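Novice: got a sequence here, can you model it:
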Amino acid sequence: MEGERDHVHLLITYPPKISLSRLVNSLKGVSSRLIRKKQYPSISKALWGNALWSPSYFAGSCGGAPLETIRSYIEQQDSPEDEERLTSHP
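Specialist: Residues are numbered from 1 along each chain as shown. Model (predicted):
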């Protein structure tokens with residue numbers, strides 16, 4: 001998992017019996033509860049109305065790409081901490 005201020009990238013394996021929409025809904029719901037429980041001050045500024053996550057999502061398949069290639073792409077994404085560190089130091 002890596003991400004930026006407004007989105008995250010996840011590489012996951014899940015059972016084929018679970019629909020993608022159900023999986024995403026569960027991930028968003030559980031993560032929202034856990035993040036809100038910690039009461040990070042910056043979270044209230046980033047809410048979508050009163051929601052932590054946007055109601056939309058994007059899912060893509062990686063076809064025949066090697067797993068290491070996908071993992072490397074995700075790991076190269078900036079995390080919010082990296083972005084904050086870069087913008088807070090002139």
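Novice: the strands in this protein, which residues?
Specialist: Secondary structure of the chain (DSSP state E): strands at 2-4, 7-9.
Novice: show me what residue 8 is bridged to.
Specialist: residue 3 (DSSP bridges).
Novice: what is the burial count for it?
Specialist: Residues within reach of residue 8, counting by other C-beta atoms under 10 Å, total 15. The way it works is simple: take the backbone N, C-alpha and C, and place the C-beta from them, glycine included.
Novice: quick one: it and residue 1 touch, right?
Specialist: Yes. Using C-beta atoms under 8 Å, residue 8 is in contact with residue 1, at 6.1 Å.
Novice: what part of this protein, helix or strand, is modelled with the least confidence?
Specialist: Ranking every helix and strand in the chain by mean pLDDT, DSSP states H and E puts helix 80-88 at the bottom, with a mean of 49.
Novice: thinking again about what came up before, check the strands of the chain for me: which has the lowest mean pLDDT.
Specialist: Looking at the strands of the chain, the lowest mean pLDDT belongs to strand 2-4 (a mean of 68).
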